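J.: only geometry, no sequence info:
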């Protein structure tokens, strides 16, 4: 299984091989995808540490239990 950046390298390599983009553009796209991945990773890490990401039972909001499922007559 390829990681995210390895997938980008494969796709960019295929695009260069097909003649759709130049090697210079490929470098730009790869760097851009790497930076975007880092920004998303840092953002998600930061968000999971905020109160908004905590489960409702941890912040004092009461949880209403779901009613038990009804069983059909056998």
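T.: That came in fine, so what should we check first? This is a predicted model, so every value here is computed, not measured. Residues are numbered from 1 along each chain as shown.

J.: okay, CA-based contacts and neighbour counts for the rest of this
T.: Noted.

J.: what's the mean pLDDT across the longest helix seen in the chain?
T.: The residue-count maximum for a helix in the chain (DSSP state H) belongs to helix 23-48. Across helix 23-48, pLDDT averages out at 86.

J.: what residues sit buried inside it?
T.: For helix 23-48, burial by neighbour count (16 or more other C-alpha atoms under 10 Å) applies to 26, 29, 30, 33.

J.: how near is the last one to residue 71?
T.: Meaning residue 33. 51 Å (C-alpha to C-alpha, to the nearest Å).

J.: and for the third one?
T.: In this structure, residue 30 lies at 55 Å from residue 71, with C-alpha to C-alpha as the measure.

J.: can you check residue 47 too?
T.: Residue 47 is 41 Å from residue 71, where distance means C-alpha to C-alpha.

J.: likewise residue 9?
T.: Taking C-alpha to C-alpha, one finds residue 9 at 53 Å from residue 71.

J.: these two: who's more crowded?
T.: residue 9 (17 against 6; other C-alpha atoms under 10 Å).

J.: for the more buried one, which non-adjacent residue is closest in space?
T.: residue 30 (6.8 Å; C-alpha to C-alpha, 6 or more residues apart in numbering).

J.: who are the neighbours in contact with that neighbour?
T.: 5, 8, 9, 12 (C-alpha atoms under 8 Å, 6 or more residues apart in numbering).

J.: perfect, that will be all.
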